[in-house]
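[1] Build me a model:
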Amino acid sequence: MSDQLNWMNQHLILLKYKTVEELVSQGGYELAPKYGPLCKPGMSVEDFMTALVRANAIRDAASVLAYAIHRRAGVWWGVCCFRKLYAELAEAEKKQAEQAKLDAQKKEEEAAAAAAEAKEKAKEEEAQEAEAAAQEKKIAEMQEAAMKKIEEAKSKFTPEQKKIYDEARAKFDAECVKLTGLPVMAFINDMVKKEAESEAAKQSLKQKPEKKDAPPAPVEENADTSDDPMPPEMLAQLKRKAFEITCQWVVDPSAENSIMADNIANQIEDESEGMLARTAFWSYGNLSVAEKDGSNVPVPAGLAANGLRTALLMAMLTEGGLYSLPERAAQYLSLGIEIACGRNNWTAPETEQNAPSAREPEASHGTEKLGEEVYRKWK
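    Numbering: from 1, shown residues only. Model (predicted):
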């Protein structure tokens, strides 16, 4: 297949299999029974994909394209989709960082406001304590003045009047003790003290903030939740290397690059980048390319296509980002159609404007209309 793919056509020209019959009999594609009514005898792959897109079966249309497209163009499709995913994740990380910054600023403002409120409440409590102390002092002074006046009046009593006063006082105290358990003056002092304490308690309740339930204690998570003991930094480095090797394979699908793709895929076989690198190795066509005897073990029909389909699905299912699985499926299918139509190839210089990784994330149109959106862009 020529490296110069500069056609500008609305039709899918970079297909290895042109009809659905060829796709099933030669390409290893299994037609789902539910789509049997859509597939007419002698139907072209393009028409079948069109029917699937119009039926909003986006992922199934992408699977058909993964089986039908030329293997090298298919790996390039995977590279473009992964670049788009990386751009999406970077944009999401940027937005999360911005939101975290706003949250931190809000938290600081709330903390400053709480500190100012606490300081103001402390001043109010201090003023209330001072006022309560002043009231107690005033009551004590009034009691002292009253007792002084009583003593002054008693000092002027005649012996007979003093006797009458003492007898009356004793009767009053005895009666008050029966009713309250305290003599008259002790009872009065106790009532005054309780009234002062009651007033202070009311003021304290007015100023006391409403108690909120404490947030639940965070559940301690197991630090090692993965079966893979590989350190995250090493895994990230291997994933980057696998993607770089896959890009290198697209530019030069040689035996050497195919072996490198297989070797890196063996190290991260459970990762989407590993699956894409494995797809590049399978797309070379010879499973024994690393053998020195020059033997040729053909790749089974549909193996590379299934690898590409799996890699794309793993990319669609990547956690985080800005889009749902259906939205990513529509975006990736649109990229595949661009490539299959010859409008996007690896020989064109990638400027900031046309590089898949630099394109703006596409706005969501609702999953129920994704098929119409893909069809509009395609046709």
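
[2] which residue packs closest to Val251, ignoring adjacent ones?
    Trp346 (6.2 Å; C-beta to C-beta, 6 or more residues apart in numbering). Using the backbone N, CA and C atoms, a C-beta is placed for each residue, glycine as well.

[3] The one you found and Thr279: what is the separation?
    Separation of Trp346 from Thr279 (C-beta to C-beta, to the nearest Å): 15 Å.

[4] Neighbour count: these two, which is higher?
    A side-by-side neighbour count of Trp346 and Thr279, using other C-beta atoms under 10 Å, places Thr279 first with 28 against 17.

[5] host element of that one?
    helix 272-284 (DSSP states H and E).

[6] And Ala132, by the same measure?
    Using DSSP H and E, Ala132 falls within helix 71-155.

[7] How about Leu182?
    Going by DSSP H and E, Leu182 is not in any helix or strand.

[8] Same question for Glu167.
    helix 159-180.

[9] Which other helices and strands does that helix contact?
    When contacts are defined as 3 or more C-beta pairs under 8 Å, 6 or more residues apart in numbering; DSSP states H and E, helix 159-180 packs onto helix 184-207.

[10] Figure out how far the host helix or strand of Thr50 is from the centre of its chain.
    Using DSSP H and E, Thr50 maps to helix 45-54. With C-alpha atoms, centre = their mean, to the nearest Å as the basis, helix 45-54 stands 35 Å off its chain's centre.

[11] Just the CA coordinates for it, please, in PDB.
    Taking C-alpha atoms only, helix 45-54 is exported to PDB below (Å, rounded to 0.1, in the frame of the first residue of the first chain):
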ATOM      1  CA  VAL A  45     -19.000  -2.800   3.800                       C
ATOM      2  CA  GLU A  46     -19.600   1.000   3.400                       C
ATOM      3  CA  ASP A  47     -23.300   0.500   3.000                       C
ATOM      4  CA  PHE A  48     -23.500  -1.800   5.900                       C
ATOM      5  CA  MET A  49     -21.600   0.700   8.100                       C
ATOM      6  CA  THR A  50     -23.900   3.400   6.900                       C
ATOM      7  CA  ALA A  51     -26.900   1.300   8.000                       C
ATOM      8  CA  LEU A  52     -25.300   0.700  11.400                       C
ATOM      9  CA  VAL A  53     -24.500   4.400  11.900                       C
ATOM     10  CA  ARG A  54     -28.100   5.400  10.900                       C
END
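
[12] Show the subsequent helix or strand relative to it.
    By DSSP H and E, the next helix or strand past helix 45-54 is helix 58-68.

[13] List the contacts of that next one.
    Residues outside helix 58-68 that contact it (C-beta atoms under 8 Å, 6 or more residues apart in numbering): 12, 15-17, 23, 27-29, 32, 35, 45, 48-49, 52-53, 74, 77, 302, 305-306, 308-309, 312-313, 316, 326, 329-330, 332-333, 336-337, 340, 370-371, 374.

[14] And for stretch 313-323?
    Applying C-beta under 8 Å, 6+ apart, the contact partners of stretch 313-323 are 59, 78, 81-82, 85, 88-89, 91-93, 95, 271-272, 275, 325, 328-329, 331-332, 361, 364.

[15] what about that stretch, average pLDDT?
    The pLDDT scores in stretch 313-323 average 95.

[16] Buried residues, it. List them.
    Using 16 or more other C-beta atoms under 10 Å as the test for burial, stretch 313-323 gives Leu313, Met314, Ala315, Met316, Thr318, Gly321, Tyr323.

[17] Tell me where the model's unsure across the stretch 51-200 of the chain.
    Counting by pLDDT under 70, the ranges of the stretch 51-200 of the chain that qualify are 184, 192, 195-200.

[18] returning to that earlier point: can you tell me the element the residue nearest to Val251 falls in?
    Using DSSP H and E, Trp346 falls outside every helix and strand.

[19] Tell me who's in contact with it.
    Contacts for Trp346 were tallied using C-beta under 8 Å, 6+ apart; they are Asp3, Trp76, Val79, Val250, Val251.

[20] Just the buried ones from those?
    Applying 16+ other C-beta under 10 Å to these, the neighbour count classes Trp76, Val79, Val250 as buried.

[21] List just the nearest of the residues you listed to Lys193.
    Val79 (85.6 Å; C-beta to C-beta).

[22] related to what we said a few turns ago, give me every residue in contact with the helix holding Thr279, excluding its own residues.
    Counting by C-beta under 8 Å, 6+ apart, 71-72, 74-75, 78-79, 82, 238-240, 242-243, 245-246, 249-250, 253, 255, 257-259, 261-262, 264-269, 289, 299, 303-304, 307-308, 310-311, 314-315, 318 sit against helix 272-284.

[23] same deal with stretch 28-47?
    11-12, 15, 17-24, 48, 51-52, 55, 57, 60, 63-65, 67-68, 300-303, 305-306.

[24] now stretch 17-27
    16, 29-31, 39, 42-45, 48, 64, 67-68, 301-302, 305.

[25] Lys239 and Asp270 touch, don't they?
    No. Using C-beta atoms under 8 Å, Lys239 is not in contact with Asp270, being 10.9 Å away.

[26] more crowded one of the two?
    Lys239 (19 against 10).

[27] Okay, the more buried one and Glu88: tell me how far apart.
    As judged by C-beta to C-beta, Lys239 and Glu88 stand 16 Å apart.

[28] ditto for Gly294
    Counting by C-beta to C-beta, the gap from Gly294 to Glu88 is 44 Å.

[29] which stretch of helix or strand covers the residue nearest to the spatial centre of the chain?
    Nearest residue to the geometric centre of the chain (C-alpha atoms, centre = their mean): Gly320, 6.0 Å. If you go by DSSP H and E, Gly320 is not part of any helix or strand.
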